[in-house]
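Trainee: model the following, please.
(one chain, ligands or ions: 2)
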Amino acid sequence: MSNPQISIIAPLYNETESFSQLVARLNAVMEASPLSIEVVLVDDGSRDHTAVLMQQLALSDHRYQCVFLSRNYGHQIALTAGIASASASEALFIIDGDLQDPPELLTEFYQKYQEGYDVVYAVRKKRKENWFKRTAYAGFYRLMQSISYVDLPLDSGDFSLISRRVADILKQMPEESRFIRGMRSWIGFRQIGVEYERDARLAGESKYSFGMLQQLAYNGIFNFSEYPVKLITRVGMMTLGIAILYLIQTLIKRFVYHDVPQGFTALLFVIILFSGVQLIALGLIGEYVLRIFFQAKGRPLYVVREVIRQQQRQPLQGMDSLKLQ
Ligand code: UDP
Ligand code: MG
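Mentor: Ligands and ions are numbered 1, 2, ... in the order given. Take a look at the predicted model:
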């Protein structure tokens, strides 16, 4: 079989409830489209029936390729595994498996791709999610835009269509702490945003806990900005400046006005304040050190348990399956 034109990539983690809807909508997209399309579903170590459903699907429908990871690695890694497993298609359409990203937008995205854009990313006009999540996301993207050295578009996640060459470059990026939307911006070429309304989750709950979201935000900040380190230096300089001014004032008081400075409480306050500042500074540096530490191990990003495609099971074993080409 020749390579499909489009690979649709969707990571799934405990998505039993929305699975049949996902497949129905993907089938409808494939049937309506003149393009030849394959779907790569990645099971990120689901604990419910998702893996069984995927297995049945891949065995019965040749358009679906299913990749099963050995355990739960998280959304960004699952997506990476999907990108690595796709056939040599012309372009990759990356969506979430919970139908928050409407697969029907493929046609519109592909049109932009044909106009010569390597990356067509979705920009959320409206988020049908709770107030806290909306505010947190909006704040994060604005912070990232002001401190990041890549030009990260506002309100755009991983939902996108990327060209083959962008996918191949992504595969060559061995970053352990992955922030794919940032890596995508870093790659460059011609990129364009398309607005859409992000639907609420079709069923089930978000699989991103608060901690995981925080980790994702950290990966964005520490992998794509040197601002935290610069900030430490600035705070240090400022403190030094204040200390020098204070010293001068004290000396003047002592030698001109013969007034001995007092105030044990103030002293204690300053010590506690700057102990805090120092610990935060250490923590910020620690974030970079941690990233060096994990990267230096050079571990594979994930382990594939099995790949099922075109009615034949291909158990993968050993290190071959682990490497990103
Ligand atoms: N997901 C995954 N591994 C995880 C968490 C999530 O593969 O550890 C998948 C999940 O099944 C969904 C997509 O990643 O298809 C986005 O996750 P989710 O909807 O929970 O995130 P949110 O949309 O709430 O940010
Ligand atoms: Mg979701």
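
Trainee: quick one, phi psi at the residue nearest to Gln310 when sequence neighbours are not counted?
Mentor: Leaving aside its sequence neighbours, Gln310 sits nearest to His62 (C-beta to C-beta, 6 or more residues apart in numbering; 4.8 Å). No exception for glycine: its C-beta is placed from N, CA and C like everyone else's. Backbone geometry at His62, expressed as degrees, to the nearest 10, gives phi -70, psi -10.

Trainee: what does Glu205 give?
Mentor: Main-chain torsions, Glu205, degrees, to the nearest 10: phi -110, psi 160.

Trainee: check it and give its pLDDT.
Mentor: Glu205 carries a pLDDT score of 81 in this model.

Trainee: verify the stated contact: the residue nearest to Gln310 with Val39.
Mentor: No - if you go by C-beta atoms under 8 Å, His62 and Val39 don't touch, sitting 10.6 Å apart.

Trainee: higher neighbour count, the two?
Mentor: Val39 (28 against 13; other C-beta atoms under 10 Å).

Trainee: residue ranges with poor pLDDT in this structure?
Mentor: Per-residue confidence for the chain (pLDDT under 70) gives these ranges: 1, 261, 311-325.

Trainee: around ligand 1, pick out the residues from it.
Mentor: Residues of the chain lying close to ligand 1 by C-beta under 6 Å from any ligand atom are 11-13, 15, 44, 72, 74-75, 78, 96-98, 100, 201, 206-208.

Trainee: tell me which of those residues fall in helices.
Mentor: Those of the residues of the chain next to ligand 1 mapping onto helices are 75, 78, per DSSP state H.

Trainee: now narrow the residues of the chain next to ligand 1 to whatever sits close to ligand 2.
Mentor: The subset of the residues of the chain next to ligand 1 within reach of ligand 2, by C-beta under 5 Å from the ion, is 96, 98, 100.

Trainee: contacts for stretch 44-62?
Mentor: Contacting residues not belonging to stretch 44-62 are listed as 11-16, 19-20, 23, 41, 43, 64-66, 68-75, 77-78, 308-311 [C-beta atoms under 8 Å, 6 or more residues apart in numbering].

Trainee: sweet, I'm off.
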